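K.L.:
next one to model:
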Amino acid sequence: MSEKVKPYKDSDLGKKDQVKQMFDNISNNYDGLNRVISFGIDIKWRKRVVSILKKKQPENILDIATGTGDLAIAMVQTGAKNIVGLDISPKMLEVGKSKIQEKKLDHHIKMVVGDSENLPFKDNTFDAVTVAFGVRNFENLEKGLQEIHRVLKSSGTLVILETSVPQKTPFKQGYRFYTKYVLPVIGKIFSKDRSAYTYLSESASVFPHGQEFNNILGKIGFIGIENKPQTFGVASIYVATK
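P.N.:
Numbers count the residues shown, from 1 in each chain. Now for the predicted structure:
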């Protein structure tokens, strides 16, 4: 399954290469823009992901599309012995590595460049896999989810935090206005890559969410699937088991 929206509509590059280029371009502004765009609520969402995993007591966690490492750093609180953050964008990882070094977490968190659809890990390696705002950037969604299923241990936990579209009035209308008109303007003001935040808002609007995404997880072979809408449905936390 492939995403319909591409980061750069006039580019000859495939989606994977475009995503890498886009996040390399916005890496230095990414953290600040995240706080502005989400009004800081993304921090609360990540804390909920950590809370879910803490109950599972995982020893080894893989954070896919780790970006600048916000979730990987937060997951130290789960008590996990080893956390691996993987991302396709080297420049996002550079920012993340600096943050990890500042917090003296080098012994806890390892950051690696990698492709979410061809993970460089053996089968049944991790107790838990997380993805925060990354699955909609997969070039082939089902292939990426299959790879996650492969590297998870039996009974391992998958937790995905992703944008979704509110279904109730007036939140649905407010969300559409904000993502269509406000979000791209913020991106243009603060980022040198003007197309990036237009893509991020457009991709969120067409990405499968709620029961539709639950069904895809079930098709891949995950069980015990839960969907937890956040903040009027502008984001969702999906929890599933291998």
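K.L.:
ok, Val36 touching Gly187?
P.N.:
No: contact criterion C-beta atoms under 8 Å: Val36 and Gly187 do not qualify, at 9.8 Å. (Each C-beta comes from the backbone N, C-alpha and C, glycine too.)
K.L.:
which one's more surrounded, those two?
P.N.:
Gly187 (24 against 15; other C-beta atoms under 10 Å).
K.L.:
what's the longest strand in this protein?
P.N.:
strand 152-163 (DSSP state E).
K.L.:
what are the buried residues along that strand?
P.N.:
Within strand 152-163, the residues scored as buried using 16 or more other C-beta atoms under 10 Å are 152-153, 156-163.
K.L.:
which residues touch it?
P.N.:
45-46, 49, 52-53, 56, 58, 71, 124-136, 148-149, 204, 207, 209, 213, 217, 222, 234-242 (C-beta atoms under 8 Å, 6 or more residues apart in numbering).
K.L.:
my reading is that Asn124 is in a strand; is that accurate?
P.N.:
No: the assignment for Asn124 is coil, going by DSSP: H, G, I helix; E, B strand; the rest coil, so no strand is present there.
K.L.:
how near is it to Arg48?
P.N.:
27 Å (C-beta to C-beta, to the nearest Å).
K.L.:
what does Tyr178 give?
P.N.:
To Arg48, Tyr178 is 22 Å away according to C-beta to C-beta.
K.L.:
before we move on, back to that, which one of the buried residues of strand 152-163 sits closest to Ile26?
P.N.:
Thr163 (16.5 Å; C-beta to C-beta).
K.L.:
beta partners for the closest one?
P.N.:
As for beta bridges, Thr163 partners with Ala235 under DSSP bridges.
K.L.:
look up how far Asn214 lies from it.
P.N.:
In this view, Thr163 and Asn214 are 16 Å apart by C-beta to C-beta.
K.L.:
hmm, back to that, mean confidence score for the longest strand of the chain?
P.N.:
The pLDDT scores in strand 152-163 average 97.
K.L.:
how about the next helix-or-strand element following it: buried residues?
P.N.:
Next helix or strand after strand 152-163 toward the C-terminus (DSSP states H and E): helix 171-177. Applying a neighbour-count criterion of 16+ other C-beta under 10 Å, the buried positions in helix 171-177 are Tyr175.
K.L.:
got the buried residues for stretch 137-155?
P.N.:
The neighbour-count check on stretch 137-155 (16+ other C-beta under 10 Å) flags 137-141, 143-145, 147-153 as buried.
K.L.:
in the protein, which spans are helices?
P.N.:
15-26, 30-37, 41-54, 70-74, 90-102, 141-151, 171-177, 183-190, 196-206, 211-220 (DSSP state H).
K.L.:
closest to Met111 out of those?
P.N.:
Across the helices of the chain, closest to Met111 is helix 90-102 (C-beta to C-beta), at 4.9 Å.
K.L.:
buried residues in that closest one?
P.N.:
Applying 16+ other C-beta under 10 Å to helix 90-102 flags 91-93, 95-97, 99-100 as buried.
K.L.:
may I have that helix as CSV, with CA atoms only?
P.N.:
Presented in CSV, the C-alpha positions along helix 90-102 are these (Å, rounded to 0.1, in the frame of the first residue of the first chain):
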residue,chain,number,x,y,z
PRO,A,90,21.0,11.3,8.7
LYS,A,91,20.6,14.9,9.5
MET,A,92,17.6,14.3,11.8
LEU,A,93,19.7,11.7,13.5
GLU,A,94,22.6,14.1,14.0
VAL,A,95,20.2,16.4,15.9
GLY,A,96,19.1,13.4,17.9
LYS,A,97,22.6,12.3,18.7
SER,A,98,23.4,15.7,20.1
LYS,A,99,20.4,15.7,22.4
ILE,A,100,21.3,12.2,23.6
GLN,A,101,24.9,13.2,24.3
GLU,A,102,23.7,16.3,26.2
